[in-house]
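Novice: make a model of this:
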Amino acid sequence: MREIYFESIDSTNTYLKQHYEELEDMCFVRTDYQSAGRGRKSRTWLAEKGESLLFSVLLKDEEVLKRYRELSVLSAYSVLEVLEGYGIGDLMIKWPNDVLVKERKICGILLEGISAESLRCIIIGIGLNVKQESFTGDYLNEPVSMRMILNEEIGMDALKDRIYQKLEDNIRKLKEGYDFYEEISAYDLLKGRKVKALVNDVFKEVSVIGMRSDYSLGIIDDGKELNIKTGEISFHV
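Specialist: From the prediction side, this is the model:
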């Protein structure tokens, strides 16, 4: 693993976007603090210094990039597997990329790609609440941390290594053609629920069918069945 560490940086995703050409596949960039951390739809990601595991992973392998639609949910599933190994239960994935514990958000993931005629790379940015015990701001899902659940100290280095290893293993299996759908769909938080959603800039209630085998999300909107792809819908459970 090629690891780059910063005590503080604007954004680990931004760093990889700026330097992806000279860095190798699966390069791992970690920081204790992000001054301009971001979530989906340009939302700000706020985390106290040293309280969260904040990192990004660079993907450049052409065979992996071909399966980019799966990477967001697969990243969430990889984190979920590690959290289960720490004894955390009641874990679910809120499509396409949040990990929740009893509907409280413990991990957020942001995927960004760089294209120039073809897809050059994908950057997986992950923010995991580890030690933080108080949160300020407005959230779609109330946050929670590993410490709040386990009531014990969590070793950041060991946690980092376990998540990286799980990501590496699962991405290798993806490249080899492994289908994670049955495993991942078992953790689908939204399946079978009615939720309020922003669809094409209109806020409305829709019924969720669940994650499809292509990792789109099936919904029923005004009596019509639709498949929503990553980034096209925001859910408020």
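
Novice: show me where the chain has strands.
Specialist: 3-6, 28-31, 52-59, 91-94, 98-101, 104-116, 118-129, 194-199, 202-211, 217-221, 224-228, 233-236 (DSSP state E).

Novice: now mean neighbour count too, for these, in a markdown table please.
Specialist: All C-beta atoms are positioned from the backbone trio N, CA, C, and that covers glycine. Putting these into a markdown table (neighbours: other Cβ atoms under 10 Å) gives the following:
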| stretch | mean neighbour count |
| --- | --- |
| strand 3-6 | 14 |
| strand 28-31 | 23 |
| strand 52-59 | 25 |
| strand 91-94 | 22 |
| strand 98-101 | 24 |
| strand 104-116 | 18 |
| strand 118-129 | 21 |
| strand 194-199 | 15 |
| strand 202-211 | 15 |
| strand 217-221 | 18 |
| strand 224-228 | 13 |
| strand 233-236 | 16 |
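
Novice: export the ones you listed as CSV, with columns for distance to residue 152 and mean pLDDT.
Specialist: Output for those, formatted as CSV (distance: least, Cβ to Cβ, whole Å; pLDDT from 0 to 100):
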stretch, distance to residue 152, mean pLDDT
strand 3-6, 25, 95
strand 28-31, 22, 96
strand 52-59, 16, 96
strand 91-94, 18, 97
strand 98-101, 15, 97
strand 104-116, 15, 93
strand 118-129, 15, 95
strand 194-199, 34, 85
strand 202-211, 33, 92
strand 217-221, 35, 94
strand 224-228, 39, 92
strand 233-236, 32, 74
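
Novice: got a markdown table for the ones you listed, with distance to residue 84 too?
Specialist: Listed next are the strands of the chain as a markdown table, based on distance: least, Cβ to Cβ, whole Å:
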| stretch | distance to residue 84 |
| --- | --- |
| strand 3-6 | 24 |
| strand 28-31 | 22 |
| strand 52-59 | 16 |
| strand 91-94 | 6 |
| strand 98-101 | 11 |
| strand 104-116 | 12 |
| strand 118-129 | 14 |
| strand 194-199 | 25 |
| strand 202-211 | 19 |
| strand 217-221 | 23 |
| strand 224-228 | 27 |
| strand 233-236 | 23 |
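
Novice: how close does the spatially most central residue of the chain get to residue 169?
Specialist: Taking Cα atoms, centre = their mean, the centroid of the chain lies closest to residue 109, which sits 2.5 Å from it. Note on residue 109: its distance to residue 169, by Cβ to Cβ, to the nearest Å, is 17 Å.

Novice: over to residue 24?
Specialist: Taken as Cβ to Cβ, the span from residue 24 to residue 169 is 18 Å.

Novice: again with residue 148
Specialist: 28 Å.

Novice: the two - which one has more neighbours?
Specialist: Looking at residue 148 and residue 169 with other Cβ atoms under 10 Å, you find the greater number of neighbours at residue 148, namely 18 against 12.

Novice: which residues are in contact with the more buried one?
Specialist: Contacts for residue 148 (Cβ atoms under 8 Å, 6 or more residues apart in numbering) come out as residue 133.

Novice: before we move on, what about the one 5 residues further on?
Specialist: When contacts are counted by Cβ under 8 Å, 6+ apart, residue 153 is found next to 131, 147.

Novice: show the pLDDT at it.
Specialist: Looking at residue 153, its pLDDT stands at 92.

Novice: next up, phi/psi of it, please.
Specialist: phi -80, psi 140 (degrees, to the nearest 10).

Novice: appreciated, that's everything.
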